[in-house]
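Participant: below are the sequence and a predicted model for it; my questions follow.
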Amino acid sequence: MTAHALAPVTEAGALEARPELRADEHPAVVYLARLSPSSRRTMLQALARVVALVTGSPEAPPAGTPAPAWQEQLAYGFRWDALRRQHGAAIRARVLERYGLAAGRTTLAALRGVLKEAWRLGLMTAEDYHRAADLEPVRGKAHPRGRALSRGELLALVDACRRDLSPAGARDVALVAVLYAGGLRRAEAVALDLEDFDPEAGVLVVRCGKGRKARTVPLRNGARRALAAWTEARGPEAGPLFYAGRRGGKLEARRLTPDAVLKLLARRATAAGIAARFSPHDLRRSFAGDMLDAGADISTVRELMGHASVTTTAGYDRRGEQAKAKAAELLHFPY
């Protein structure tokens with residue numbers, strides 16, 4: 001990770017400037033460097049959010065500046081070790097007011113993480129660190145994010161990919177299979193190499209899971225056949241499992257990116273006539289919900305998804321919503 005922008009960002013008179021730090025001395029750089037790529041993007045955004053709230057800097061980048069570069073400039077140019085108890089309490093209140101529960105939890109987790117690194121690096125005393133990081137937990141239950149795809153939408157999406165007879169069509173069917181039938185995050189899917197799929201056993205080895213936790217994921221039935229068809233079309237050359245594309249459906253022997261997954265699924269959804277928007281992560285939500293609906297044990301689903309806690313997996317369980325809808329049908333309104 002680079003740290004090319006360490007110029008101080010200050011809050012008028014509150015957090016004084018000081019000489020720049022080397023990258024290996026900067027708490028935000030050190031904190032983000034120990035995270036997985038997908039977590040790093042999320043937490044960098046959260047740290048930039050904190051700086052924007054504290055300093056009044058715009059959270060959105062100036063025209064022509066990529067968002068990640070702007071977020072790095074904010075996070076790497078801020079004096080995290082100068083934060084105290086009153087700053088943390090104000091940040092908590094403002095982020096919950098502006099962004100809600102889910103973003104609040106993520107932002108406070110990022111704030112605590114970077115404060116801990118500031119203490120570990122000797123930039124804060126233990127007392128100052130513990131006081132600044134001693135924030136009330138975010139309580140409450142947010143409305144579930146995203147949505148699950150219906151069976152009809154999933155069939156339409158696969159059919160739209162299969163109508164494309166180019167190599168990109170075969171790749172995209174296999175990608176949808178991995179995201180839905182394997183329950184992988186898109187960052188995990190694009191990090192797969194050809195050697196991570198055993199076609200004989202029908203097993204994927206996810207080596208770059210969140211929190212650097214590896215796991216194995218079995219693929220069965222149509223998902224296994226879709227991935228086997230793609231690997232045959234792809235060829236036996238070592239390297240990324242999913243190749244990036246060019247115009248005309250041609251593919252190059254370089255790794256697909258998470259952002260490319262988002263865009264290609266949007267194109268396939270349009271071709272499939274799916275009007276309601278969905279994200280790659282919604283395929284993972286669909287995997288969890290459909291597995292639980294089919295009677296799979298939630299602890300097994302947790303292991304397949306690579307969750308650290310079954311509580312996280314429970315957030316994907318939509319059976320409670322279905323029970324509420326069924327109960328509502330018992331009540332008749334005279335109209």
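Facilitator: Okay, I see it.
Participant: any idea of the mean pLDDT for stretch 235-249?
Facilitator: Mean pLDDT, stretch 235-249: 87.
Participant: which other residues reach that stretch?
Facilitator: The set of residues external to stretch 235-249 that reach it, using C-beta atoms under 8 Å, 6 or more residues apart in numbering, is 164, 166-169, 171, 174-175, 189-190, 192-197, 231, 234, 251-257, 260, 264. Every C-beta, even on glycine, is put in place using the N, C-alpha and C of the backbone.
Participant: same deal with stretch 59-71?
Facilitator: Ala5, Arg41, Leu44, Gln45, Leu47, Ala48, Arg49, Ala52.
Participant: pretty sure Leu204 sits in a helix.
Facilitator: No. Per DSSP: H, G, I helix; E, B strand; the rest coil, Leu204 lies outside any helix segment and is strand.
Participant: can you get me a residue count around it?
Facilitator: Leu204: 25 surrounding residues under other C-beta atoms under 10 Å.
Participant: and for Ala63?
Facilitator: Ala63: 5 neighbours (other C-beta under 10 Å).
Participant: again, but for Ala52
Facilitator: 18.
Participant: next one: it from His87, what distance?
Facilitator: 14 Å (C-beta to C-beta, to the nearest Å).
Participant: out of the contacts of stretch 235-249, list just those in helices.
Facilitator: Pro167, Ala168, Gly169, Arg171, Ala174, Leu175, Ala189, Val190, Thr231, Arg234, Ala260, Leu264 (DSSP state H).
Participant: now do the contacts for the one residue sitting closest to the centre of the chain.
Facilitator: For the chain, Ser38 is the residue whose C-alpha lies nearest the centre (C-alpha atoms, centre = their mean; 5.3 Å). Counting by C-beta under 8 Å, 6+ apart, Ser38 touches Arg185, Ala187, Glu188, Lys210, Pro258.
Participant: next one: phi and psi at it?
Facilitator: Taking degrees, to the nearest 10, you get phi -70, psi -40 for the backbone angles of Ser38.
Participant: can you say which two of the contacts of Ser38 are spatially most distant?
Facilitator: Lys210 and Pro258 (13.0 Å; C-beta to C-beta).
Participant: where does the residue lying farthest from the centre of the chain sit: helix, strand or coil?
Facilitator: Distance from the centre of the chain peaks at Pro334, with 45.7 Å (C-alpha atoms, centre = their mean). Assigned by three-state DSSP, the conformation of Pro334 is coil.
Participant: among the helices and strands of the chain, which has the poorest mean pLDDT?
Facilitator: helix 319-328 (a mean of 72; mean pLDDT, DSSP states H and E).
Participant: mind listing what's buried along that helix?
Facilitator: By neighbour count with 16 or more other C-beta atoms under 10 Å, helix 319-328 contains no buried residues.
Participant: which strands or helices does that helix pack on?
Facilitator: With contacts taken as 3 or more C-beta pairs under 8 Å, 6 or more residues apart in numbering; DSSP states H and E, helix 319-328 sits against helix 280-293.
Participant: give the buried residues for the helix it packs on.
Facilitator: Buried-residue list, helix 280-293, by 16+ other C-beta under 10 Å: Pro280, Asp282, Leu283, Arg284, Arg285, Ser286, Phe287, Ala288, Gly289, Asp290, Met291, Leu292.
Participant: thinking again about what came up before, name the residues that touch the least confident helix or strand of the chain?
Facilitator: Residues from elsewhere that reach helix 319-328, judged by C-beta under 8 Å, 6+ apart: Gly289, Leu292, Asp293.
Participant: rerun that using 7 Å as the cut-off
Facilitator: Leu292, Asp293 (C-beta atoms under 7 Å, 6 or more residues apart in numbering).
Participant: what do you get for stretch 138-157?
Facilitator: With C-beta under 7 Å, 6+ apart, stretch 138-157 has contacts from 96, 100-102, 104-105, 108, 176, 180, 268-269, 272-274, 278-279, 281-283, 285-286, 289, 315, 318.
Participant: mean confidence for that stretch?
Facilitator: pLDDT averaged over stretch 138-157 gives 83.
Participant: just give me how far that stretch sits from the chain centre.
Facilitator: Relative to its chain's centre, stretch 138-157 lies at 15 Å (C-alpha atoms, centre = their mean, to the nearest Å).
Participant: now for that stretch, what's the gap between its first and last residues?
Facilitator: Chord length of stretch 138-157, first to last residue, is 38 Å (C-alpha to C-alpha, to the nearest Å).
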